[in-house]
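K.L.:
Structure, please.
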Amino acid sequence: MARAATTSDAFNAVAEPRRREILQFLATGERSVGEIVMRLGFEQPSVSKHLRVLLEVKLVDVRRDGRHMLYRANAEAIRPLHEWTSRFERLWKHQLLQVKERAEKKKQME
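P.N.:
Numbers count the residues shown, from 1 in each chain. Model prediction:
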């Protein structure tokens with residue numbers, strides 16, 4: 001089965017670890033490509049490529065400020081990612097609660 005293009009949707013786009021790092025950095029505020037390069041230590045062409053993908057799936061927005069392009073995370077576009085992963089958070093909390101209950105039960109039996 002052919003792999004889906006990274007630009008087909010937000011889930012495919014964030015499958016790439018460097019894109020997740022960029023998105024996480026942009027969650028703290030608006031940044032230029034140069035700031036992203038300096039902070040994350042990626043090469044500029046790589047950052048530009050990843051930003052292009054994130055823009056195509058609308059996970060980031062961009063605005064021009066003079067000669068600079070400033071990027072920021074698009075919270076509304078990230079919402080489906082959050083909602084989907086939160087389902088698994090509930091599952092893990094339930095699993096951890098069961099582990100805790102078993103450990104406490106075992107401790108009481110000792």
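
K.L.:
Kindly give the local confidence score, pLDDT, for the closest residue to residue 40 other than its chain neighbours.
P.N.:
In this structure, residue 40 finds its nearest non-sequential neighbour in residue 21, 5.7 Å apart by CB to CB, 6 or more residues apart in numbering. In this view, the C-beta of every residue, glycine as well, is placed from N, C-alpha and C. Note for residue 21: predicted pLDDT of 96.

K.L.:
can you check the one 4 residues further on too?
P.N.:
We have a pLDDT of 96 for residue 25.

K.L.:
So for the residue nearest to the spatial centre of the chain, what's the nearest residue that isn't a sequence neighbour?
P.N.:
Nearest to the centroid of the C-alpha atoms of the chain, with distances taken as CA atoms, centre = their mean, sits residue 20, at 3.9 Å. Using CB to CB, 6+ apart and skipping the chain neighbours, the partner closest in space to residue 20 is residue 14 (5.3 Å).
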